[in-house]
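1. Take this sequence and fold it.
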Amino acid sequence: MNTAELLKKLTSAVGVSGAEDNIVNVLTDLLQEYGEVTVDSLNNVYCTFGEGYHFLLDAHTDEIGLIVKGITDDGFIKVASVGGVDKRMLLASEVSIWGEKEVRGVISTLPPHLQKDNEKKAVEIEDISIDVGMTKEEAEQYISAGNRVTFRRNFEELISTRISASALDDRSGVAAIILALEELKDVNAKITAQFSTQEEVGHKGSIVGPFGRNVDEAIAFDVSFAYTPSCKKSDCGELGKGPMIGISPIIDKNISEGLIRVAEKNNIPYQKEVMGGGHTGTNADTMSVTEKGIKTGLISIPEKYMHSPIEIVDTVDVENTAKLIAAYIKERAGEINA
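-> Residues are numbered from 1 along each chain as shown. Coordinates of the predicted model:
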């Protein structure tokens with residue numbers, strides 16, 4: 001399948017943090033042709049093949065969403081957040097509740113004619129209600145506390161090579177790794193592709209994922225901010241300009257420089273993402289301090305409108321991310337085995 005088709009398949013799968021079973025099932029099917037596929041107790045999915053110097057490639061499978069807390073006497077669904085949900089976009093959103101079956105609903109909103117001045121602001125998540133058009137008794141047949149809620153799935157191919165979909169954070173990183181595996185089947189090294197869970201609620205999957213695997217280098221794949229008119233250009237990359245190579249005090253300097261060198265050598269477009277402080281907000285933060293410490297790099301795919309139902313990426317950036325990591329691993333493996 002081409003990149004857009006792969007992203008459509010990946011973003012169609014539901015995987016709110018802590019309930020990633022659907023995307024786990026999709027991945028275990030997709031990865032069979034590449035290597036040995038295993039799933040651990042946190043629902044991390046691994047695909048391992050080859051021998052020698054060990055590279056671990058990580059992208060997280062989970063997405064932000066909501067979790068059902070209860071059903072009111074008049075049939076409305078009360079929820080709490082899972083991950084960094086932007087409360088400004090909640091009112092009037094279309095959602096799906098994943099219980100005994102998919103139940104579609106809308107987040108209720110008060111018409112502007114009836115609003116008081118103090119109500120014309122972002123609502124707190126604890127105050128919202130989902131209208132599923134049912135009585136309490138009817139809703140209880142399909143919905144129960146703990147069910148996950150997502151924004152309505154969408155996948156739109158925009159002009160040229162850009163797409164808009166929910167859950168591109170971080171299914172685009174997942175897609176980049178899968179595309180890279182095609183190029184790495186015969187590399188003289190050991191590869192573990194790690195598709196980790198619960199990143200949006202504290203990087204849980206990546207904390208335990210590398211344990212006991214004797215990893216020599218790890219690279220995290222995620223999304224980062226693409227420029228829009230409301231952003232500072234210095235904080236952003238640009239769609240279509242290539243993967244963003246992370247540079248940070250907590251990222252291995254040699255890996256960052258190696259990725260840049262390989263990109264330039266192979267004419268792969270890239271952007272630098274410089275981050276100060278002691279964290280990147282990605283799984284690179286946790287993997288770098290696993291066990292005795294792992295040399296860790298970070299590659300991000302530029303994305304507009306992160307943590308919204310209309311995230312946008314350019315498939316060319318996803319493909320160039322795959323090309324970059326494949327070229328980097330082939331060169332590193334050649335150096336190590338020389």
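
2. hey, let's count contacts and neighbours off CA atoms from now on
-> Will do.

3. which stretches of the stretch 51-200 of the chain form strands?
-> With DSSP state E, counting those that start in this stretch as the criterion, the stretch 51-200 of the chain has strands at 54-60, 65-71, 76-82, 94-98, 102-107, 130-131, 148-151, 155-157, 162-165, 190-196.

4. Take those strands and write them to TSV, including distance to Ile250, mean neighbour count and mean pLDDT.
-> Formatted as TSV, those follow (distance: least, Cα to Cα, whole Å; neighbours: other Cα atoms under 10 Å; pLDDT from 0 to 100):
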stretch	distance to Ile250	mean neighbour count	mean pLDDT
strand 54-60	17	25	98
strand 65-71	29	21	96
strand 76-82	27	21	95
strand 94-98	38	21	95
strand 102-107	40	18	95
strand 130-131	41	24	95
strand 148-151	33	25	96
strand 155-157	35	16	93
strand 162-165	31	20	96
strand 190-196	20	26	98
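
5. didn't Ala218 look like it was pressed against Asp58?
-> Yes. Shown here, Ala218 and Asp58 form a contact pair, counting by Cα atoms under 8 Å, at 7.5 Å.

6. Gly334 - nearest residue in space that isn't next to it in sequence?
-> If you skip the residues right next to it in sequence, Gly334 has Asn188 as its closest partner in space, 7.7 Å away by Cα to Cα, 6 or more residues apart in numbering.

7. Surely the one you found and Ala333 touch.
-> Yes. With contacts counted by Cα under 8 Å, Asn188 reaches Ala333, the gap being 6.2 Å.

8. ok so, going back, of all the strands of the stretch 51-200 of the chain, which one is nearest Gly205?
-> Evaluated with Cα to Cα, the strands of the stretch 51-200 of the chain place strand 190-196 nearest to Gly205, the distance being 4.8 Å.

9. in its sheet, what does that closest one sit against?
-> Partners of strand 190-196 in the sheet, by DSSP bridges, are strand 45-50 (antiparallel), strand 54-60 (parallel).

10. right, so of these, which gets closest to Phe211?
-> Comparing these by their distance to Phe211 (Cα to Cα), the top pick is strand 54-60, with 11.4 Å.
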